[in-house]
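>>> The sequence isn't on hand, but the structure is:
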């Protein structure tokens, strides 16, 4: 997608030297656009853990390239060991994201076919590139399937603006390109449909305020920032036609782990007959866990709630304290939206009910 | 209640000169404790409109004293006119708060009995003082009635900690003393019950993070700050035993206008069988409006979402920008929780179902 009308992905190998991986440091957005170099496995782990990169697909792609950096730096004869170490460190860098383990496992499996260090390294690099390319392609396909839903709403509203609410950032910044929740929105714009997006600010990390609002503005999509508290009222006032969110992990039974607060929006959508969709590439499905309540929920530092960074009047980024000294805060990053509240899952293969049988029918190989 | 172990109310006449009214400037909390003087009707209107004071009961008390300031400054023979002007300006200073109009009307009605300027001024002052005293007394009574509910939960949990979630600040800072939602919590502490409070930060103005967390800490009540997004997950995890919130206006049919986001918590409480109570003095009832959707909902500046104030490392209060330039934000201050989601209303006369007949039975004079 575009930044200042120039096309970017969120992660890519340095064209001059593929042993360096380039990312956009998302902690500094929207105030500063900074490209960061990752040169080692540790760099990749830190980038994931400290949220230089975040979002289901991008965490997966960074894990893939993290395995590549581990292999590149391995001593002669030690590529397998390096990959094993990489897998352990990357797997535990964030607990809820499904794409992480999915990408790591895919690289490990592929590397097994390499007969020697050089072959293994080449396979790992190409697998990491494939993961990134496929992520972009799957998101593009999600966009086309989601477009059909938006088209129908636009038709029912006789061409009036379609108002879409989203929570957190499941935009292209959360993937390699296009995004999951935003892909249908970009596709609708291309199809000439009048869309407007309600962007939840998404406390505490403010992915909506910092990332989603910014990326939609860069793409020229009309959007309005709201607090996380506001969505229910807007739905009661008939100001929301549909909700689309992403997911960090969805069980094969249709329970959805996504950014904390998603469940509250799903309840409000249900109470107001607003369709509630979850957009995801199949890499975000968990094929083993049956109940959403068994998905591990990350707990992050309470400091993310009690302090916040922003731009001062004289243009530097400053962190300010929001609370009295000694205020204790608890910071769970995700919640579980039960399948019963989900109108449908928008995948790269089509839209499917959030039900075990329907999901398995669409992905019979699993 | 106490600040640094010294007792304060949120508003009181200057003991040396009752033509000056003193308030705590709540915009500066918890970073600075500033007492502000109001010397004119305009001061009172500004204090309400710009949220130096806020909260159902305190807005009512400030309106009462605002009428007093209008009367005090009236030219000879012009007290009636001054009160009429005061009523108009105060009534429109914030649109959703019921106590505002209630207090203004009460002062106007009482002043009608005055035979001359001096009598009218005396009546207005005493009525304003009565409104403030009554607010404190009603909150204290709410505390006793709410205590019975907490006692029952504590008994059912065999004395384990009772976890209470609250949204916004319906603490003593929102009233003259005790608070509505917090009064039962303070009463529970006095009764030796182990309570812990989950404090929603309450974006965008952060009443929870800035005021509720601070006031509970000042009173030595265990509390944990959470984002507005977190309550649903905590309820799913059985970490919330009850919800108590305040209200800016409740219809005589039981629909509740309260800080934006309250509706989402009520939905989550309903979905998880968590009791959801609203604490209010009868001055917050609207006896004319039948449907919550007819209550006017205040819209404030989007700047309250896109920028935030906090304490810098070197100890001054600074406002930082959270979003990209040009980000549009929509900022509704309240939402409506339908009566069907409310377990009960805790009033100064007792706990009552959120239903027209039950409410009228408890307040037969209305």
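Arrived safely. Source: prediction; values computed, not measured.

>>> Next to chain B, which bits of the stretch 1-150 of chain A? Give me the list.
Within the stretch 1-150 of chain A, the positions lying close to chain B (Cβ under 8 Å from any Cβ of the partner chain) are A:30, A:31. From N, CA and C alone the C-beta is placed, and that goes for glycine too.

>>> So what touches the helix or strand of chain A with the lowest mean pLDDT?
Across the helices and strands of chain A, mean pLDDT, DSSP states H and E gives its lowest value to strand A:2-3, namely a mean of 88. Residues outside strand A:2-3 that contact it (Cβ atoms under 8 Å, 6 or more residues apart in numbering or on different chains) are A:8, A:33, A:218, A:219.

>>> could you redo the last one with a cut-off of 6 Å?
residue A:218 (Cβ atoms under 6 Å, 6 or more residues apart in numbering or on different chains).

>>> what element comes up after it heading to the C-terminus?
The element immediately downstream of strand A:2-3 (helix or strand, assigned by DSSP states H and E) is strand A:6-7.

>>> Partner strands of that following strand and their direction?
Sheet partners assigned to strand A:6-7 using DSSP bridges are listed as strand A:2-3 (antiparallel).

>>> for the host helix or strand of residue A:46, which positions count as buried?
Following DSSP H and E, one finds residue A:46 within helix A:41-49. Buried residues in helix A:41-49, counted by 16 or more other Cβ atoms under 10 Å in any protein chain shown: A:41, A:43, A:44, A:45, A:47, A:48.

>>> Same check on stretch A:335-345?
Buried residues in stretch A:335-345 (16+ other Cβ under 10 Å): A:335, A:336, A:337, A:338, A:339, A:341, A:342, A:343, A:344, A:345.

>>> Wait, a strand at the last one?
Yes - Residue A:345 forms part of a strand when assessed by DSSP: H, G, I helix; E, B strand; the rest coil.

>>> beta partners for it?
The partner residues for residue A:345, given DSSP bridges, come to residue A:278, residue A:352.

>>> shouldn't it be in contact with residue A:353?
No - the pair residue A:345 / residue A:353 is not scored as a contact, 7.5 Å apart, by Cβ atoms under 6 Å.

>>> Pick out the residue in the stretch 1-150 of chain A sitting closest to chain B.
residue A:30 (3.8 Å; Cβ to the nearest Cβ).

>>> wait, what's in contact with that residue?
A:210, A:214, B:324.

>>> Pretty sure the last one sits against residue A:214.
When you say that, I think you mean residue B:324. Yes - assessed by Cβ under 6 Å, residue B:324 is found in contact with residue A:214 at 4.7 Å.

>>> These two: which has the busier surroundings?
Legend: neighbour count by other Cβ atoms under 10 Å in any protein chain shown for residue B:324 and residue A:214, higher for residue A:214 (24 against 20).

>>> could you give me the average pLDDT of the helix or strand in which that one is found?
Here residue A:214, judged by DSSP H and E, is contained in helix A:213-218. The pLDDT scores in helix A:213-218 average 96.

>>> How about the spatially most central residue of chain A: what's its closest non-neighbour residue?
For chain A, the residue sitting closest to the mean C-alpha position, by Cα atoms, centre = their mean, is residue A:55 at 2.7 Å. Using Cβ to Cβ, 6 or more residues apart in numbering or on different chains and skipping the chain neighbours, the partner closest in space to residue A:55 is residue A:174 (2.3 Å).
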